[in-house]
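Asks: build me a structure from this.
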Amino acid sequence: HIRREKATSNICSNQALLALCASIYLSTMGKEGLREAANLNLQKAHYAAQQFKQQPGYKLPFSTPFFNEFVVKLPDGASVKNINLKLLESGFLGGYDLGLAYPELEGHMLVAVTEKRTRTEIDSFVSRLGESI
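Replies: Modelled structure (predicted):
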C-alpha cells in the first residue's frame, strides 16, 4: 500500500518477508539451537581475533567486548580496498572498510565471523589476508 509509481519494491512486502524468514529460522533452530549458534558465533569470532593479533602489523584497536564483529587495523599504508580485491580473487569476502564511513578509521576493517565458518576457513582467511599486504 506504500508503493509509488516508480518504486522498484514495496517496503511492506519486504518487511513481511524478512519477518517470515526470521520466524522460520527461529522455529527451526529452537531455543537451544539459537543459543548454540550464538555461542559458536562468539567463540569463532574471538578465535579469529586472536589469529589476527598474531599477524605482524595487524592490531585490534578496541578492547571493548564484542560478539561476532570486530575491528582490525591493517599495517600502515595498507589499503582495505586493495586487500579486499585480493581476498575476493581467493574466494574470500573481506571486511567492511570503516574509512568509508569514518575517515579517522582509514586502514581499519570490520570483520564478521559467524557459526558457519570453520577453523580451517578462518585460518585460511587470516593467512591470505597476511599475504595480501
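
Asks: pLDDT weak spots in the protein?
Replies: Counting by pLDDT under 70, the chain contains low-confidence residues at 1-13.

Asks: show me the beta-bridge partners of the most centrally placed residue in it.
Replies: By Cα atoms, centre = their mean, the chain has its centre lying nearest to Ala112, at 2.2 Å. In this entry, Ala112 is beta-bridged to Glu69, by DSSP bridges.

Asks: longest helix of this protein?
Replies: Residue-count comparison of every helix in the chain, with assignments taken from DSSP state H, identifies helix 11-53 as the longest.

Asks: I'd like the distance from it to the chain centre, please.
Replies: In terms of Cα atoms, centre = their mean, to the nearest Å, the centre of helix 11-53 is found 13 Å from the chain centre.

Asks: just to revisit the earlier point, quick one: the residue nearest to the centre of the chain and Phe66, what's the gap?
Replies: 10 Å (Cβ to Cβ, to the nearest Å). Using the backbone N, CA and C atoms, a C-beta is placed for each residue, glycine as well.

Asks: so for these two, which residues contact both of them?
Replies: Common neighbours of Ala112 and Phe66, using Cβ atoms under 8 Å, 6 or more residues apart in numbering, are Ala45.

Asks: what's the local residue count around His108?
Replies: Counted with other Cβ atoms under 10 Å, the burial measure for His108 works out to 20 neighbours.

Asks: again, but for Asp97
Replies: Residue crowding around Asp97 was assessed by other Cβ under 10 Å; the count is 20.

Asks: check Leu129 too.
Replies: Neighbourhood size, Leu129 [other Cβ under 10 Å]: 26.

Asks: before we move on, the earlier item: the residue nearest to the centre of the chain: what's it in contact with?
Replies: Under the criterion of Cβ under 8 Å, 6+ apart, the contact list for Ala112 reads 45, 68-69, 95.

Asks: ok, it to Ile122 distance?
Replies: According to Cβ to Cβ, Ala112 and Ile122 sit 12 Å apart.

Asks: got the contacts of Ala112 as a markdown table, with distance to Leu18 columns?
Replies: Converted to a markdown table, the contacts of Ala112 look like this (distance: Cβ to Cβ, whole Å):
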| residue | distance to Leu18 |
| --- | --- |
| Ala45 | 24 |
| Asn68 | 19 |
| Glu69 | 20 |
| Gly95 | 24 |
